[in-house]
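[1] quick one: sequence plus predicted model below, questions after.
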Amino acid sequence: MKKLIALALAVMMVLSLSVTAFAAEGDVVLPREETLYFAGQQWGAVNSWNPIGTNQNNSMAIAAGGGQRTIMYETLYMWNILDGKLYGLLANDDYAWNDDMTQLTFTIKDAAKWSDGTDVTAADVIRTFDIGVEIANGTGSTYGPYIESIEGEGKSVTINAKLNDAGQPVNPLKILDFLELTLIAQADWIDQVYEANDGDATAILNDDGLNDAGELEVPYTGPYTRYFDDDQKVIFIRDDNYWGQDESMWGKLPAPKYIAHAMYADNNAGDNALRNGEVDVSQQFTANVQDMWEKDGLPISTYYMDAPYGICVGLPTAWYNMNIPVIAEYPALRKAIAMAVDYDSINANAMTGQSPTFVQAPRSLMNPTDAEQAMYDHDAVADLQWVGNDVDGANALLDEAGLLDTDGDGFREYNGEKISLTAVCPNGWTDWMAAMVEVANAGAKIGIEITTPYPEADTFNAVFTDPDQTEYAIFMWSPDASTPANPWSRVNQFMGMDYVGVQNNWSGNWGQYVNEEADALLKQIPTTTDEATLKDLYTQLTEIYLTEVPSFTLMYRPAVFFTVNESVWTNYPYEGSTHTMADGTEVLVPPTDCTDGFGIAALYDLELVG
Amino acid sequence: MKNTIKQVFHSPKFVGGFVIFVAILLTMIIYPLFNPGNPLQQVSVGTFARPGTYVSLYDATKATSNTLRLPDADEKRVAASLSAEDRVAMVEYFTTMGIDISELDTEDTDALLQMWDDNYDPSVRPKGMTSAKVNYYKRLNTSLQDLKSGDTLVIAEEVDGELVESKKITTTDYVRTGAVANVKTLPLGTDNFGRDVLKELVSATGTSILIGLIAGVVATLIGLTFGLLAGYVGGFLDDFIMFITNIFTVIPGFVLLILITYSIGQEQRGAAVVATVIGLTGWTWTARSVRSQVISLRNRDHVNLSKLSGHSLIRIILTDILPYIASYVVMAFILQVSSGILAEAQLSMLGLGPQTTKVPTLGLMMNWAMLYSAHTNGSWWAYFPVILVITLISFSLNLMNTGLDQVFNPTLRD
């Protein structure tokens, strides 16, 4: 009898377990042929749907990579990293400056509508900017210093630039950034949130955009909206009433009905899913990505067929911390370490060949695209550039500077103590960790002790954004990759003095480098339109940068990685592929994961295989 | 003593374990003599070079060649550029392009190549063909161009910006590997940093065994001291020591280990420090079992006699108690060494091991192999030998332990 009861209990347990297991799996099943799966963007449960908030981790809906991601909320314009042009999204292709670049005008598309059916108007743009300034969100703090005000009525908008003492616009380039990087929120909704939170800035910034029942409250303009999200996945569903199917925009709806992103434990898990065809678009660094097709014959491809496989516009850089006396005092030390680093190894081993070499794109302030490479005089700085692994040259520099190894322990001394530095990046960022190992190896070759701690990302972020930190001597971070304001914006991050001493500094010049001459040159660039003058300014800045070495770029890297599996969907962007615009013109589609900037055009061109 | 050692070496299990362990130790000592140099030196540019013998292409063209006429040479050459799958894929391409292939014999390489040449156009992108497939045909085309090239290759040198022919190579020219100035054998290939895996493995084994020894000594010393004191003195001291021991037992040792190593920070984390930390968290079970052994010993007659004779506590412990549990302590020490090595491997796998740039350890090798997806891209040589070595060390130590147990434990004696 006892046995019988035990058996019955066991059977019941097994049954109930399997029932719960099936129930858990059965709640959201998406048809594979209608879903585009992503990896490498979202790593944890989505915490907010608020386009004017901060502390977002909503990577699919509210983030920027190779341009702003616009599947749910939209920007006025889309940035195309390939041709460096802005394409109208909510706005028409008619933006224009007045003669002295103090005013920018454009109109909003007649067809542009919110998900609740109302028109997108100038009032929405104005309110989005104003609330940004009031509650100091990303939009406010980034563009507040450059935009005086936004005016307009109905569909026409005027942006008034902030002027300096001389009556010139502070930086017109930043206003172009505003056009492509600011997600427009609905004025009425902003008013509601404002009232609901009694105008408390912190509360508005942290509002998650959901009502008490967990339903989305925020009107959006984009082609997709929230369908399901938990700590395992986030799913977007196409809004079949999307305004963009109007002939003035895309003329049709995007191909996939659903966009889904599972939270993978790490890169390896995401890579495996990509191999198995469970992921269509992967924004992950995959070591030796070419093995997937060359060795394993999988239907996987990247934008370029051969190395570097992607469009490298990012410049992951090692920054010298000027709070460390020996670093601040000896430009020779800074240059020597940078010269001794074996960049070929970083490229071949850390990046597994997914970066142009410093022979292909010589060291400067520019990213490797043709457009930026043409912006400085290569011959003028050729003597200052280095390709790396130059141990003899580095040793000679240090000897000359008087940093010698006097006690014979193999390490050079400064003020009688051996020079011991740290080279730091966050734990788990594989290619950066390997790059830091190469920096440490370079140090060993020239008698500088360099150790490589890998703190967790949170710790790293807290330390390197602190202007007074002396914990990290050399640390890795990437300046801006590609926006309309670049390369100025990036050069400003390398050497601009605006950011020196700023607390909680996410903006730039993380090494606290001070150079009045460079800063003065930088201030001239935004209002300079003559190309020859611009080139001259950038060349002078490059000279200063390569002589003073306040930081050194370790590799070139794509703004977003883009590896696709063509088991289900095909016709992703490939080298030279174009999108046919409504007026019949062909525009190059950048490989920005079918979501960022003009790259979203790819969603309209996707086809099912076979 | 001599007798005991004799007894121990009669245990086949102990001898088995001992031989494996000594073999590993000998390899560690002898291999670097044949292949000296820094084990962390990066020899290959690029990740995960396959195991094999690498012949310098440059030197090979300079070496004197012999002419060998081998019957299957051409066949092999064709097979290297054009596999059976490639042939099928070519036919697929012809079909997609709507070309009549009714008269094509896919085994006839010349005819196939001719047809490919006539019909393949890299600029055409057939509707519906995936990028992966388009790229595949481009690569195939490149490799077919190599096949088509004639029987003679010309080596030219650049002199004053002009190419000057220095040598002609034909398909029947062979070079003896011994005649080439630079030939490098990498028995286990290279890792993600381009380091020679075998060299690194040998050095890492040394470091790991050292870490195991330090951890074992630390853990055994602490465990032994606490166990002896608690067991022999008893009373309040026993309660107090057991209280501490119990606390350490309840906290999962590995969690404690992670927390401590994490808080130390990587700058301070040398091999010796990691080993000490492992030892500091692993002593509890030694303490407990030593204590119970001592409790059973402390009321024996010879101990009581010593007490009556007024011998000091330390003397009693050292001369009347320790010798009786010595065999047990040795066994516990061996197990501590083995678990110390495993703990280092686990820690390093989590990125909490010693610094990559300082010393190679078995755990670090596994960690980087995993970070660079060696297990998914088929680079078995970067991690499998490491696993094998860890397994062998731990297996040999456990085997020795079991052998000793059979000799010393009366209940297990035959």
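    Now that the structure is in, tell me what you want to look at.
[2] make it CA atoms for all contacts and neighbour counts henceforth
    Will do.
[3] show me the contact partners of stretch B:373-380.
    The set of residues external to stretch B:373-380 that reach it, using Cα atoms under 8 Å, 6 or more residues apart in numbering or on different chains, is A:268, A:272, A:287, A:291-292, B:48, B:50, B:369, B:382-383.
[4] ok, stretch B:80-92 next?
    Contact with stretch B:80-92 is made by B:101, B:106, B:116, B:140, B:143-144, B:146-147, as judged by Cα under 8 Å, 6+ apart.
[5] which pair of those spans the longest distance?
    Using Cα to Cα, the two most remote members of those are B:Ile101 and B:Asp146, lying 23.9 Å apart.
[6] one step back: from the contacts of stretch B:373-380, which would you call buried?
    By neighbour count, with 16 or more other Cα atoms under 10 Å in any protein chain shown, these hold A:268, A:287, A:291-292, B:48, B:50, B:369, B:382-383 as buried.
[7] can you redo these as a markdown table with distance to A:Ser364, secondary structure and pLDDT?
    Listed next are the buried ones among the contacts of stretch B:373-380 as a markdown table, based on distance: Cα to Cα, whole Å; DSSP: H, G, I helix; E, B strand; the rest coil; pLDDT from 0 to 100:
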| residue | distance to A:Ser364 | secondary structure | pLDDT |
| --- | --- | --- | --- |
| A:Asn268 | 34 | helix | 84 |
| A:Ala287 | 26 | coil | 85 |
| A:Asp291 | 32 | helix | 89 |
| A:Met292 | 33 | helix | 91 |
| B:Phe48 | 31 | coil | 90 |
| B:Arg50 | 36 | coil | 92 |
| B:Ala369 | 33 | helix | 90 |
| B:Ala382 | 36 | helix | 93 |
| B:Tyr383 | 39 | coil | 93 |
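[8] for the residues you listed, give me a markdown table that also has distance to B:Leu229.
    A markdown table is the format used below for the buried ones among the contacts of stretch B:373-380 (distance: Cα to Cα, whole Å):
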| residue | distance to B:Leu229 |
| --- | --- |
| A:Asn268 | 50 |
| A:Ala287 | 55 |
| A:Asp291 | 60 |
| A:Met292 | 61 |
| B:Phe48 | 53 |
| B:Arg50 | 56 |
| B:Ala369 | 45 |
| B:Ala382 | 47 |
| B:Tyr383 | 44 |
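[9] tell me the buried residues in stretch B:97-113?
    B:106, B:112-113.
[10] contacts for stretch B:288-298 next, please.
    Counting by Cα under 8 Å, 6+ apart, B:223-224, B:226-232, B:242, B:245, B:303-304, B:321, B:325, B:329 sit against stretch B:288-298.
[11] point me to the residue of chain B nearest chain A.
    Nearest residue of chain B to chain A, counting by Cα to the nearest Cα: B:Gly46, 4.4 Å away.
[12] same list (the buried residues of stretch B:97-113) but as TSV, adding pLDDT.
    Output for those, formatted as TSV (pLDDT from 0 to 100):
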residue	pLDDT
B:Thr106	79
B:Leu112	87
B:Leu113	86
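[13] show me those that map onto helices.
    Judged by DSSP state H, the buried residues of stretch B:97-113 include B:112-113 as members of helices.
[14] wait, A:Ile150 touches A:Val157, no?
    Yes. Using Cα atoms under 8 Å, A:Ile150 makes contact with A:Val157 at a distance of 7.2 Å.
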